[in-house]
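Undergrad: Here's my sequence, what's the structure:
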Amino acid sequence: MKDKFFSYIENLQDTITSKLQEIDGKAKFHEDLWKRPEGGGGRTRVIENGAVFEKGGVNISGVHGALPKSMQTYFGVEDADFYACGLSLVLHPKNPMVPTVHANWRYFEMYDKEGNIVDQWFGGGQDLTPYYLFDEDATHFHTVCKAACDPHNSEFYSTYKKRCDDYFWNAHRNEARGIGGLFFDYCKATEEMTMQNWYDFVTEVGNSFLESYVPIVLKRKDLKYTKEQRDWQEVRRGRYVEFNLVHDKGTLFGLKTNGRIESILMSLPPHVQWHYDHHPEKDTEEYRLVEILENPKNWVQAF
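TA: Below you'll find the predicted structure:
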C-alpha cells in the first residue's frame with residue numbers, strides 16, 4: 001500500500017503544480033529534493049512572488065525509521081518503527097479576495113522490531129481560509145468536498161466537515177482558522193472499509209482538490225482591493241500562523257521526527273501583521289467574516 005500511495009502523491013504533485021503554475025503565469029515552482037538522515041526524504045516545491053500566489057508550497061515526503069520517544073508515548077507503544085508519506089500544500093494568494101487554501105493527504109504504517117505491520121491508517125483533508133467571504137465560493141468548495149465523499153459513505157461529509165471545524169479551531173481566540181472543509185485521521189480497516197476502500201476514498205478527495213479551489217481563484221484573482229483590505233488579510237494571516245505553530249499536529253509531528261524545517265514551515269505566509277487588541281468595526285465585511293469564524297455554519301445540505 002505504501003508504494004502505491006507514494007506513487008499516487010508523486011503524480012498528484014505534478015498535476016497540481018502544473019495547473020497552479022499555469023494559473024499564476026509569472027512565477028514557477030522551485031524544487032528541492034532532500035533526504036532525511038534517519039531514513040527517507042521528500043520533494044519540496046515552492047512558488048513565491050507570483051502574479052497570483054505570493055507564496056505557496058506543494059510538498060511530498062516519504063520518511064521512515066525508529067519512532068521517536070515522544071511519539072511512542074503519544075501512540076502508547078514501545079520500540080516501534082514507522083513509515084509515513086503524504087502530500088501537503090498551502091497556498092497564500094496575493095489578492096485578499098482570494099482565499100488561502102490548505103490540503104494534506106497521508107498514509108502511515110507502524111512496525112514491530114521484526115518488521116511486521118502492527119498498525120496502518122490514512123488521513124487528510126482540505127480546508128479554505130478566506131479573508132473576504134463570498135458565500136458562493138464557500139458553497140462551491142464544500143459542494144465539491146461532499147461530492148468526493150458521497151460515493152464512499154453518505155455520512156462521511158457531515159462527519160468530516162464537523163471534525164474539520166473542530167480541528168482547525170484557534171482555542172485561544174475562540175474562532176475557527178477558516179470556513180473548513182474536510183478533516184479525517186486514523187482511517188483504519190474495518191468490516192465496512194478495507195484499506196483499499198480507504199485508499200479509494202482518500203485519492204478521490206485528493207483528485208477533487210483542483211476542482212474545489214481553481215474556479216474560486218479564477219473568479220477572484222483580478223478583483224480590485226485597497227491597502228486597508230490588504231492590511232486585513234495580513235492581520236488574519238497572523239491567526240493562520242498562530243494555529244500552525246500552536247495547535248497543528250502535522251507541524252508538531254514534523255518537528256518531533258527531525259523533519260526538514262524549511263518544508264515544515266513552508267506553510268507560513270510571507271507578510272503578516274499583529275495589532276494589539278484588534279477588532280473589526282461592526283456592520284463591515286471584516287466583521288461578518290469573524291462572526292462566521294466564531295460560529296461555523298453548514299454551507300451545503302449534508303444529506
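Undergrad: Just say helix, strand or coil for His281.
TA: You called it His, but residue 281 is Glu. coil (DSSP: H, G, I helix; E, B strand; the rest coil).
Undergrad: pLDDT value on it, please?
TA: In this prediction, Glu281 carries a pLDDT score of 93.
Undergrad: Then the one 10 residues further on?
TA: The predicted local distance difference test score for Glu291 is 96.
Undergrad: ditto for the one 10 residues further on
TA: The predicted local confidence for Gln301 comes out at a pLDDT of 73.
Undergrad: quick one, what contacts the closest residue to Lys188 other than its chain neighbours?
TA: Among residues not flanking Lys188 along the chain, Trp121 sits closest, at 4.7 Å (CB to CB, 6 or more residues apart in numbering). Bear in mind the C-beta positions are built from the backbone N, C-alpha and C, glycine included. Contact partners of Trp121, counting by CB atoms under 8 Å, 6 or more residues apart in numbering, are Tyr107, Phe108, Asp185, Tyr186, Cys187, Lys188, Trp198.
Undergrad: where's Trp121, which helix or strand?
TA: Using DSSP states H and E, Trp121 sits within strand 117-129.
Undergrad: residue boundaries of the helices in the stretch 201-303 of the chain?
TA: Assigned by DSSP state H, counting those that start in this stretch, the stretch 201-303 of the chain shows helices spanning 209-220, 227-246, 249-256, 261-264, 285-294.
Undergrad: ranking these by mean pLDDT, which is last?
TA: helix 249-256 (a mean of 77).
Undergrad: mind listing what the nearest residue to Gly181 once chain neighbours are set aside touches?
TA: Excluding the flanking residues, the one nearest Gly181 by CB to CB, 6+ apart is Asp127, at 3.8 Å. Listed by CB under 8 Å, 6+ apart, the contact partners of Asp127 are Val101, His102, Ala103, Cys164, Phe168, Arg177, Gly178, Ile179, Gly180, Gly181, Leu182, Phe183.
Undergrad: again, but for Ile216
TA: Ile216 neighbours (CB under 8 Å, 6+ apart): Val98, Pro99, Leu128, Asp137, His140, Phe141.
Undergrad: ok so, going back, minimum distance to Phe82: which of the helices of the stretch 201-303 of the chain has it?
TA: helix 249-256 (10.3 Å; CB to CB).
Undergrad: buried ones in that closest one?
TA: Buried residues in helix 249-256, counted by 16 or more other CB atoms under 10 Å: Gly250, Thr251, Leu252, Phe253, Gly254.
Undergrad: In helices only, show me the contacts of Ile216.
TA: With helices taken from DSSP state H, the overlap with the contacts of Ile216 comprises Asp137, His140, Phe141.
Undergrad: These into JSON lines, with extra columns for neighbour count, distance to Ile60 and pLDDT?
TA: Putting the ones in helices among the contacts of Ile216 into JSON lines (neighbours: other CB atoms under 10 Å; distance: CB to CB, whole Å; pLDDT from 0 to 100) gives the following:
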{"residue": "Asp137", "neighbour count": "23", "distance to Ile60": "27", "pLDDT": "98"}
{"residue": "His140", "neighbour count": "20", "distance to Ile60": "27", "pLDDT": "98"}
{"residue": "Phe141", "neighbour count": "27", "distance to Ile60": "23", "pLDDT": "98"}
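Undergrad: which one of those is nearest Asp112?
TA: Phe141 (41.2 Å).
Undergrad: returning to that earlier point: check the residue nearest to Lys188 and give its pLDDT.
TA: pLDDT, read off for Trp121, is 97.
Undergrad: circling back: which residues does the residue nearest to Gly181 form a beta bridge with?
TA: Beta-bridge partners recorded for Asp127 (DSSP bridges): His102, Gly181.
Undergrad: residues in contact with the residue nearest to Arg236 when sequence neighbours are not counted?
TA: Among residues not flanking Arg236 along the chain, Tyr131 sits closest, at 5.2 Å (CB to CB, 6+ apart). Listed by CB under 8 Å, 6+ apart, the contact set of Tyr131 reads Pro96, Met97, Pro99, Thr100, Gln229, Trp232, Gln233, Arg236, Leu289.
Undergrad: All set, thanks.
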